[in-house]
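Undergrad: would you be able to build a 3D model of this:
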Amino acid sequence: MMGVPRTALVALAALLAGSVAARALETATLRTAAVGTDAAVPGDPARPAEAVKDPAKDPAKDSSKDAARDTAKDPTKDGTQPTTPAEAVGVPANAAPATDAPASSDAAGAPVEPSDPQSAALYRRLAAPAPLLARLTGKEREAIRAFYALGAFKPVWIADGAYTPAAKAAAARLAAAGEDGLDARAYPVPALPAAPKPGDADAQAASLAAVAEADLKLSAAIALYARDARGGRVNLAAISRLITPSLDLPSADAVLARIASAGAAAGDQLQSHNPHSAGYLALKARLASLRGPAPEAKATTKAALRLPPGPVLRLGMRDPRVPLLRAHFGLETRSAGTLDAGPGEPDAYDTAVADAVQGFQRARGLAATGVLNAQTVMALAGSDGRGKAATGDEAALIVNMERWRWLPAELGPDYVLVNVPEYRLRVFRGGALRDEARVIVGKAESPTPIFSGAMEYAVVNPSWYVPPSILKTMLPKIAAYGGKTWGGYEVVRRGGQVSLRQPPGEKNALGFIKFMFPNAHAVYLHDTPNRSLFSASSRAFSHGCVRVDDPFRFAGTVLPEAWTSERLKKLIGKGERTIRLDQKLPVHLAYFTGYVDDAGQYRTAPDLYGYDAPMRAALGLPGGGGPAIAKAPKREPATRNAEAAPPRPQRPHVQARQAARPLPRPAREEAGMVYADPDPWAGRPAPVVRGWW
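TA: Reported below is the predicted structural model:
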C-alpha cells in the first residue's frame with residue numbers, strides 16, 4: 001500500500017491475528033459451557049473435572065458469559081419468556097443431547113427429554129405450543145412446567161391407568177364449582193384413555209400421549225380454579241379504574257404441589273381457596289336455596305301467590321285481597337263484628353298482615369316497608385314461600401360472591417368494613433361486630449374507590465387544603481390580591497406556589513377529626529360539619545372520601561383505649577393533634593349490592609356506580625351488558641353575561657306585572673358543597689357553587 005508505513009501494516013496484521021484467536025477461544029469456551037463444566041474426570045467418576053483457567057482471558061468476558069448462562073437458566077431475569085424449555089438456551093425442542101458429552105445439558109439449565117416413554121410424552125406435550133386450557137396464562141403454564149420438572153416429568157394424577165385418590169377428589173370439587181358461584185364448564189375434567197392393544201406400537205404411543213394430555217389438562221384446570229377462586233376471573237380495570245384490590249393469586253406450582261400431596265382431602269384443599277368469611281358463606285347458602293330445595297322437601301313448599309289487581313295497601317286499609325294474604329302467610333282471622341281481642345278481621349290490612357308482608361320483603365331484599373306495592377305483588381307471584389328466585393337473582397348473588405374475592409383471604413379479627421352502596425360502616429374487634437355507623441360516600445361522578453388499606457393514625461382538628469382542580473380557577477385572582485386570607489381561607493405561598501388552607505374549626509370541610517389510611521386514591525374517613533345529610537336515605541354526596549356519622553364514637557373503637565371519645569372531644573379547638581394507632585387497622589372499602597345482614601336476612605342496596613351490569617357481562621351471567629357506569633348530570637347551558645349585551649326591551653304592561661310580583665325566595669344554602677371533602681383526582685373540574693367555590 002502506497003503511503004502507509006510498514007510499522008502500521010505490521011501492527012494491523014498482529015491485531016487481526018489476535019482477533020481471530022480471541023474469537024476461536026470464545027467459541028471453544030461456549031461449546032464447553034453447552035456440554036457442561038461438571039464433566040467427570042476420566043478414571044474418577046466421583047470427582048468433577050476442574051475448569052481450565054486461561055490467564056490471558058478477559059475477566060469481563062467471563063462475567064458476561066456467566067450472566068448469559070444465568071439468563072438461560074432463569075429466563076425471567078431479562079424479562080423474556082421462552083416458548084419451550086429447550087428454547088431457553090437456543091436449541092430445538094426435539095434436539096437430543098450430544099453423544100460425546102460426558103454429562104447432560106442440565107448443567108446449562110435446559111432439561112433434556114426423559115428416557116422413560118411416559119415422561120417423554122409428557123415432556124413433549126409441555127414443549128408443544130398448543131394451549132392446555134383456555135384462559136391459562138403463559139406464566140401459569142411455565143409454573144406447571146416447573147412443577148413437572150421437579151418430578152422428572154412423571155404423571156401426577158394418573159397411575160396404572162386410573163386417577164389417583166387426590167385426582168378423584170379434586171375432580172369432584174371442579175365438577176361442583178357452581179356451589180361457589182364459579183362456572184364448572186371452565187374446569188373440564190379430561191377422560192382417561194382406553195388401554196392400548198398389546199403389541200401395537202402406534203396405539204402404545206397414542207396412549208402415552210393421551211395420558212400426558214389428560215394429566216396436564218387436569219393440572220391446568222386445578223390451577224385455574226385456584227386462581228379464579230381468589231378473584232382472578234375479571235379484569236377489574238375494565239370495570240372501573242377505581243376498583244383496585246390487592247388480589248392474592250396463588251402460583252400454579254404451589255397449588256399443584258399442595259393438592260397433589262393432599263390425597264383424599266384434595267377436594268377440600270382446593271375448595272379452601274374460596275373465601276370463608278361469614279358474609280360470603282351466607283351468600284353461598286342463599287345461592288343453594290335459590291337453586292331449589294332438596295327433593296324430599298319440595299312437596300312441603302308453598303305455591304306462588306297471584307293476587308288480582310288492586311290498589312297499594314297500607315296499614316288500616318281494607319281490601320278483598322287481604323284474605324288471600326292471610327291464607328298465604330298462615331294468619332288467623334275472626335268474624336267481623338266481634339270485639340274479642342285476637343286475630344284480625346278477614347279483609348283488614350292490620351298489623352299482623354303488614355308485619356308478614358314486611359318480613360317477606362326483607363327476605364326477598366325489597367324495601368321492608370310493610371306496604372303491599374306492585375313490586376311486592378310481583379315478588380309474591382314468583383315466590384314458592386322459601387325465597388326461590390329466578391336466574392337473575394342467582395346472577396346477583398354470584399356477582400356479590402365474586403366481590404368477596406376482592407378482600408383478603410383472611411380478614412383477621414380486627415378490621416373496618418365500609419359497604420359503599422349500603423352507606424354503612426362496621427367495626428369488628430376480636431372477630432365480633434363492635435360498632436356500626438351511617439356514612440356518606442362519593443357521588444356518581446366522583447365514586448368512592450374500592451380497595452383495602454391500613455389505618456395508621458387520626459388527626460384531631462385537621463386543616464384542609466383546597467385541591468388543585470378547584471384552586472387553578474382562582475389562582476389569577478389570588479395572585480393579584482396579594483393578601484393573606486381569601487374568603488376565610490389562609491393563602492399559603494411557598495417557593496412561588498400558592499395554595500389555600502382552611503384552618504381547623506367547626507366549618508372545616510373535614511370536621512373535627514379524620515382517619516388516615518395512606519393510599520394511592522388519597523381518600524380517608526372523616527367528620528363533616530353538615531350533619532343533616534346523614535338523615536337522607538341516599539347518601540352519595542361526597543367527592544370520594546367517606547364521611548362518618550358520630551366520628552368520635554367511631555374513634556373510640558379504632559384508636560388506643562386511652563383515647564376515649566370524651567377525651568378526644570376535649571381537644572376540639574386546641575390545634576391539630578395526631579394520634580397514632582398501636583397497630584395498623586385494616587380498612588376495606590367494599591361494594592356489595594346484595595348481602596345478608598346481622599339478623600340473617602338478605603338485603604339489597606342500590607347499584608350506585610353501575611358496576612353490576614359490566615360485572616355480569618364479565619362473568620357471563622344474565623343481565624350483563626356494556627359499561628353502565630353512572631354519568632354526571634348534564635350541565636345547564638351558560639347564561640348570557642348581563643354586561644355583554646343590554647337586556648331586550650319589554651313592553652310596559654310586562655314591566656308593571658313583574659314589578660307587582662313579590663321577590664323570589666332565596667335558594668337554600670347547601671353548606672355540604674362548601675365543606676365537601678377534596679376531590680382526590682386532579683383534572684376533573686369541581687362544581688362551582690357559592691361564588692368562587
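Undergrad: per-domain residue ranges of this protein.
TA: Under the assignment named as automatic domain parsing, the residue ranges that make up the domains of the chain are 6-73, 113-274, 293-387, 408-594.
Undergrad: want to throw those domains into TSV with mean neighbour count?
TA: For glycine as for every other residue, the C-beta is placed from the backbone atoms N, C-alpha and C. As requested, the domains of the chain are exported to TSV (neighbours: other CB atoms under 10 Å):
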stretch	mean neighbour count
domain 6-73	12
domain 113-274	18
domain 293-387	15
domain 408-594	17
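Undergrad: out of those, which comes closest to residue 396?
TA: Of all the domains of the chain, it is domain 408-594 that lies closest to residue 396, at 5.1 Å by CB to CB.
Undergrad: distance between the ends of the closest one?
TA: Across its full length, domain 408-594 reaches 19 Å end to end, with CA to CA, to the nearest Å as the criterion.
Undergrad: same check, this time on stretch 603-619
TA: For stretch 603-619, the separation between the terminal residues is 22 Å (CA to CA).
Undergrad: surely residue 168 is in a strand?
TA: No - inclusion of residue 168 in a strand is not indicated when DSSP: H, G, I helix; E, B strand; the rest coil is applied; the result is helix.
Undergrad: residues touching it, list them.
TA: Residues touching residue 168, when contacts are defined by CB atoms under 8 Å, 6 or more residues apart in numbering, are absent altogether.
Undergrad: what pLDDT is listed against residue 606?
TA: Confidence per residue is given as pLDDT, and for residue 606 that number is 94.
Undergrad: if we can go back for a sec, of all the domains of the chain, which one is nearest residue 287?
TA: Taking CB to CB, domain 113-274 is the member of the domains of the chain nearest to residue 287, at 6.5 Å.
Undergrad: give me the contact list for the longest strand along the chain.
TA: With secondary structure taken from DSSP state E, the chain has its longest strand at strand 577-590. Contacts with strand 577-590, where a contact means CB under 8 Å, 6+ apart, come from 403, 406-408, 411-412, 414-420, 448-461, 517, 523, 525, 546, 558-560, 563, 571.
Undergrad: tell me which of those fall in helices.
TA: 403, 558 (DSSP state H).
Undergrad: give the pairing partners of the longest strand of the chain; include direction for each.
TA: Taking DSSP bridges as the criterion, strand 577-590 pairs within the sheet with strand 415-419 (parallel), strand 451-460 (antiparallel).
Undergrad: C-terminal to that strand, what's the next element?
TA: Past strand 577-590, further along toward the C-terminus, the next helix or strand under DSSP states H and E is strand 594-596.
Undergrad: pretty sure residue 322 contacts residue 346?
TA: Yes - with contact defined as CB atoms under 8 Å, residue 322 counts as touching residue 346 (6.7 Å).
Undergrad: what residues does stretch 150-159 touch?
TA: Contact partners of stretch 150-159, identified using CB under 8 Å, 6+ apart, comprise 111, 114, 116, 118-120, 122-123, 126, 147-148, 163-164, 166-167, 170, 192, 211-212, 214-215, 218-219, 256, 260.
Undergrad: that one: end-to-end distance?
TA: 18 Å.
Undergrad: avg pLDDT for it?
TA: The average pLDDT within stretch 150-159 is 96.
Undergrad: ok, stretch 245-259 next?
TA: The predicted model gives stretch 245-259 an average pLDDT of 96.
Undergrad: how about the CA coordinates for that stretch, as CSV?
TA: What follows is stretch 245-259 as a C-alpha-only set of coordinates in CSV (Å, rounded to 0.1, in the frame of the first residue of the first chain):
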residue,chain,number,x,y,z
PRO,A,245,-58.0,-4.5,45.3
SER,A,246,-54.7,-6.3,46.0
LEU,A,247,-55.5,-9.8,44.9
ASP,A,248,-53.6,-12.7,46.5
LEU,A,249,-53.4,-15.0,43.5
PRO,A,250,-51.7,-18.3,44.2
SER,A,251,-48.9,-19.6,42.0
ALA,A,252,-49.8,-22.7,39.9
ASP,A,253,-46.8,-24.8,41.0
ALA,A,254,-47.6,-24.2,44.7
VAL,A,255,-51.2,-25.1,44.2
LEU,A,256,-50.4,-28.3,42.4
ALA,A,257,-47.9,-29.3,45.0
ARG,A,258,-50.4,-28.8,47.8
ILE,A,259,-53.3,-30.5,46.1
